[in-house]
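Asks: only geometry, no sequence info:
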């Protein structure tokens, strides 16, 4: 899968083609004569038609190979805003869909935002996907989020300056670690012992100490859309 939403393998044959059109990816080649505006138009069209496949990803990668730094900055900015707007529409469109489709869509969007370089959107959608998996784990045990996943996410959030969401992830990791320690007091798993709890606590303290307004608008808007 594209992003970091878990290791679950889904049966994509059951997913509506409206969401995951594909299979021309193997033969896809962008013509050298295709202009940048045409490439951008094609990418936008495929996203708006919900063609979530390797072809769309390869078009995006082609768009972002420009050596013109100033041009690339402008293109990345425009694509970031476009994808944020589309992502909000997409998560609303899939609100009534299965958890499988929600996670696959989040997976694709995370990958696209990563290519564009929009770290904040990646973190927002990863948090949503992890929370969705956590909520559905009772029905789908294979979706269970372990302490290590929450802790890794918290560390990455702190490293990128998003301390508020890191704090929330630390809370999740602590609850998970303590629950696992109580259920399996004799386990040697590093994420189920007091050393792990102290380690998570240090990251949490660092996040609280440096809570920043940077952890703001986009994350606040997107959190919970997948899980409503």
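Replies: Yep, it's here. The structure presented is a predicted model; accordingly, all values stated were derived computationally and were not measured. Numbering: from 1, shown residues only.
Asks: Tell me the secondary structure at residue 139.
Replies: coil (DSSP: H, G, I helix; E, B strand; the rest coil).
Asks: measure it to residue 99 for me?
Replies: Going from residue 139 to residue 99 by C-beta to C-beta, to the nearest Å gives 8 Å. C-beta here means a position set from N, CA and C on the backbone, and glycine is covered the same way.
Asks: Which one's more surrounded, these two?
Replies: Comparing residue 139 with residue 99 by other C-beta atoms under 10 Å, the one with more neighbours is residue 99, at 19 against 8.
Asks: And the more buried one, how far from residue 140?
Replies: Distance from residue 99 to residue 140, by C-beta to C-beta: 7 Å.
Asks: same check, this time on residue 162
Replies: Where residue 140 is concerned, residue 162 sits at a distance of 28 Å (C-beta to C-beta).
Asks: More neighbours: the two, which one.
Replies: Applying other C-beta under 10 Å to residue 162 and residue 140 shows that residue 162 carries more neighbours, namely 25 against 12.
Asks: Wait, that one touches residue 120, no?
Replies: Yes - applying C-beta atoms under 8 Å, one finds residue 162 in contact with residue 120, separated by 6.7 Å.
Asks: give me the low-pLDDT residue ranges for this protein?
Replies: For the chain, applying pLDDT under 70 flags the ranges 1-33, 179-195, 211-228.
Asks: How far off centre is the helix ranked longest in the chain?
Replies: Ranked by number of residues, the top helix in the chain under DSSP state H is helix 69-93. Its chain's average C-alpha position is 15 Å from that of helix 69-93, according to C-alpha atoms, centre = their mean, to the nearest Å.
Asks: After it, which helix or strand is next?
Replies: helix 99-116 (DSSP states H and E).
Asks: by how many degrees do that following helix and helix 69-93 diverge?
Replies: Here helix 99-116 points in a direction 170 degrees away from that of helix 69-93 (axes from the mean of the first three to the mean of the last three C-alpha atoms, to 10 degrees).
Asks: Which strands and helices lie in contact with helix 99-116?
Replies: If you count contacts as 3 or more C-beta pairs under 8 Å, 6 or more residues apart in numbering; DSSP states H and E, helix 99-116 packs onto helix 54-63, helix 69-93, helix 119-136.
Asks: ok, back up a step: which helices and strands does the longest helix of the chain pack with?
Replies: By 3+ C-beta pairs under 8 Å, 6+ apart, helix 69-93 packs against helix 36-48, helix 54-63, helix 99-116, helix 119-136, helix 217-222.
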